[in-house]
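Asker: What would the 3D arrangement of this be:
(2 chains)
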Amino acid sequence: MRYFIILKSSTAALKAQNTLAKMNIRAQAGKITAKGGCRFGIYTDDDADKVCRILGLSGISCVEIQKDGGTG
Amino acid sequence: MIYFDNAATTYPKPGSVIRTAEKALSDYGANPGRAGHKLSLDTSMMVFRSREKCAEFFGGDAENTVFTLNCTHALNFAIKGVCAANGKCHVITTDLEHNSVIRPVHALSEQGKISYSIANTGETDAELVKAVSDLVRRDTRVIVMTAGCNVNGRITPLKKIGELCRKKDICLIADCAQAAGVMPLSLSDGINIICAPGHKGLYGPMGTGVMITDGKYPLKAIIEGGTGSVSTEITQPDFLPDMLESGTINTPGAIALGSGVDFVRSKGIDRIYTHETALCSLFIERCKKNRRITVYRSPKTEHYLPVVSFNVDGVEASELARMLSDNGFYLRGGFHCNFLAHKKQGTSDSGTVRFAPSVFNTRLDVIKLTDFLNKTFK
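Answerer: Okay, here's the model as predicted:
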């Protein structure tokens, strides 16, 4: 299952991508159109809840988890 | 040509900065933080890496690091942003401040949004701390002051002011225009918001600066617009850096600034300070022999940045700077956008000429300048 995890900002998405890369978790920053307009976040094939817990430990809050990668 | 106007902007820039700016212009030309296509995301990553470098350099976090056009821009965001979030309050600043501090503070006062006091900093650290401390009131919410004066180079005891601010729950905003890249500065020193230019001691391009906050004190945006985020909302995003980065940032500048920070790190701040301070000492020593030259430094003041203000008796500062320019020495003459410091040191009539070396200047450069001064003005 592929997920798109919405994060606060483009900067947060890039920070998340780098943070996860250091832990060998593949994630790619991206943008979707969602409630509130354009939102940035990360695409991941990993367990989204686990990814969010890891990001939370690094001070990055997940705003929303979407299945199937959003609209890209 | 020998360039000693590095307190206004450093020149030359390191080759690595120039190459990075060129690469940014040629290879990272999409708008960062706007689109989801690869080039935009790649450009965003380059900007992010630079943001991380700036954040780490000042002990901050990338998300709380805002790219600005310069230090003045950063100071306006910080001063007006914190005051707007606080409501009407009292602000303390000092008599060493550049117009980039005193003008926004005064403008807020004129608009009835704050009241402010200017501390008479005396000549010593103890006098400065006491003067600031004595001005603290129950409604004081912000202290904004320079890390080092751009006219005479005096370094202020920011750590001690930081301790005072922590005890009194006051936001400390530091104008690091002259000090960034020359002396260690960190949010961990008790500074809540660091404002710094990219184009001076960090050796980045002009049109760059940073505002880095520890996030303790809320800010409000002072300009609104497109951020690439939450686009269907009519209100400005309330999160950093987007809240303060409306409109497209100076992308090649921001990316190249990261190389400037790398350059400073590779040289070492301590080594840069030692080198430039030694050049200032040489300049002062060689000028001392000339009775017509006055150097504006107090023996009581503990620490100075590598910036020296001086005058030649009988020659107006701007005229002296012009004469020096005609002979290949590029220094700035005048008021250096800081009438308060000139008033304090008694040079408010015609200002001073400012000697400000960089890491690229040599002892020979200083000897050539002082030889010219001593031969021309006997």
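Asker: what does chain A put close to chain B?
Answerer: A:8-12, A:14-15, A:17-18, A:29-32, A:36-40, A:59, A:72 (C-beta under 8 Å from any C-beta of the partner chain). Heads up, the C-betas are built off the backbone N, CA and C, glycines and all.
Asker: Apply 10 Å and report the result again.
Answerer: A:8-15, A:17-18, A:28-40, A:59-61, A:70-72 (C-beta under 10 Å from any C-beta of the partner chain).
Asker: mind listing which of the residues you listed are in strands?
Answerer: Under the assignment DSSP state E, the residues of chain A next to chain B contribute A:28-34, A:37-40 to strands.
Asker: Per-residue pLDDT of residue 11, please?
Answerer: Just going to use chain A. pLDDT recorded at A:T11 is 96.
Asker: actually it's chain B I care about, not the one you picked
Answerer: So B:Y11 comes in at 98 (pLDDT).
Asker: ok, it - how many residues close by?
Answerer: Using other C-beta atoms under 10 Å in any protein chain shown, B:Y11 has 16 other residues around it.
Asker: Am I right that it falls within a helix?
Answerer: No. Applying DSSP: H, G, I helix; E, B strand; the rest coil, one finds B:Y11 to be coil, outside a helix.
Asker: Output stretch B:171-178 as PDB, restricted to C-alpha atoms.
Answerer: The C-alpha trace of stretch B:171-178 is given here as PDB (Å, rounded to 0.1, in the frame of the first residue of the first chain):
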ATOM      1  CA  CYS B 171      12.000  38.100  23.800                       C
ATOM      2  CA  LEU B 172      15.600  38.800  22.800                       C
ATOM      3  CA  ILE B 173      16.100  39.700  19.200                       C
ATOM      4  CA  ALA B 174      19.700  40.000  18.100                       C
ATOM      5  CA  ASP B 175      20.900  42.000  15.100                       C
ATOM      6  CA  CYS B 176      23.800  39.900  14.000                       C
ATOM      7  CA  ALA B 177      24.600  42.000  10.900                       C
ATOM      8  CA  GLN B 178      28.300  42.500  11.600                       C
END
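Asker: looking only at pLDDT, what's the mean for it?
Answerer: In the prediction, stretch B:171-178 has an average pLDDT of 98.
Asker: What is the distance between that stretch and the centre of its chain?
Answerer: 7 Å (C-alpha atoms, centre = their mean, to the nearest Å).
Asker: quick one, helices of chain A?
Answerer: For chain A, helices defined by DSSP state H occupy the ranges A:10-22, A:48-57.
Asker: circling back to that earlier point, just the buried members of the residues of chain A next to chain B?
Answerer: Neighbour-count burial (16 or more other C-beta atoms under 10 Å in any protein chain shown) is assigned, among the residues of chain A next to chain B, to A:8-15, A:17-18, A:28-32, A:34, A:38-40, A:60, A:70.
Asker: roughly how far apart are the nearest residue to B:G328 once chain neighbours are set aside and chain A?
Answerer: In space, and not counting its chain neighbours, B:G328 is closest to B:M1: 5.3 Å by C-beta to C-beta, 6 or more residues apart in numbering or on different chains. Applying C-beta to the nearest C-beta, to the nearest Å, the value for B:M1 to chain A is 40 Å.
Asker: got it, and B:A256?
Answerer: Counting by C-beta to the nearest C-beta - B:A256 and chain A are separated by 18 Å.
Asker: Now that residue. Nearest residue, chain neighbours left out?
Answerer: For B:A256, the spatially nearest residue (C-beta to C-beta, 6+ apart) is B:A21, at 3.9 Å.
Asker: could you dump the helix or strand harbouring the one you found to CSV, C-alpha only?
Answerer: For B:A21, the element it lies in under DSSP states H and E is helix B:15-27. Backbone C-alpha positions of helix B:15-27 (Å, rounded to 0.1, in the frame of the first residue of the first chain) are rendered in CSV as follows:
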residue,chain,number,x,y,z
GLY,B,15,34.9,30.6,-5.6
SER,B,16,32.7,27.9,-4.1
VAL,B,17,29.9,30.4,-3.6
ILE,B,18,30.1,31.7,-7.1
ARG,B,19,30.1,28.2,-8.6
THR,B,20,27.1,27.2,-6.5
ALA,B,21,25.2,30.3,-7.6
GLU,B,22,26.0,29.5,-11.2
LYS,B,23,24.9,25.9,-10.7
ALA,B,24,21.7,27.0,-9.0
LEU,B,25,20.9,29.3,-12.0
SER,B,26,21.7,26.7,-14.6
ASP,B,27,20.5,23.5,-12.9
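Asker: Tell me where the model's unsure across the stretch 201-350 of chain B.
Answerer: Low-confidence segments of the stretch 201-350 of chain B, defined by pLDDT under 70: none present.
Asker: which stretches of it form strands?
Answerer: Taking DSSP state E, counting those that start in this stretch as the criterion, the stretch 201-350 of chain B carries its strands at B:209-213, B:293-295, B:308-312, B:329-330, B:332-334.
Asker: Just list the residues touching B:K216, thanks.
Answerer: By C-beta atoms under 10 Å, 6 or more residues apart in numbering or on different chains, the contact list for B:K216 reads B:166, B:169, B:171-172, B:187, B:192-193.
Asker: Max pairwise distance over these: which two?
Answerer: Within the contacts of B:K216, B:D169 and B:L187 form the most distant pair, 16.4 Å apart (C-beta to C-beta).
Asker: Nice, that's everything, thank you.
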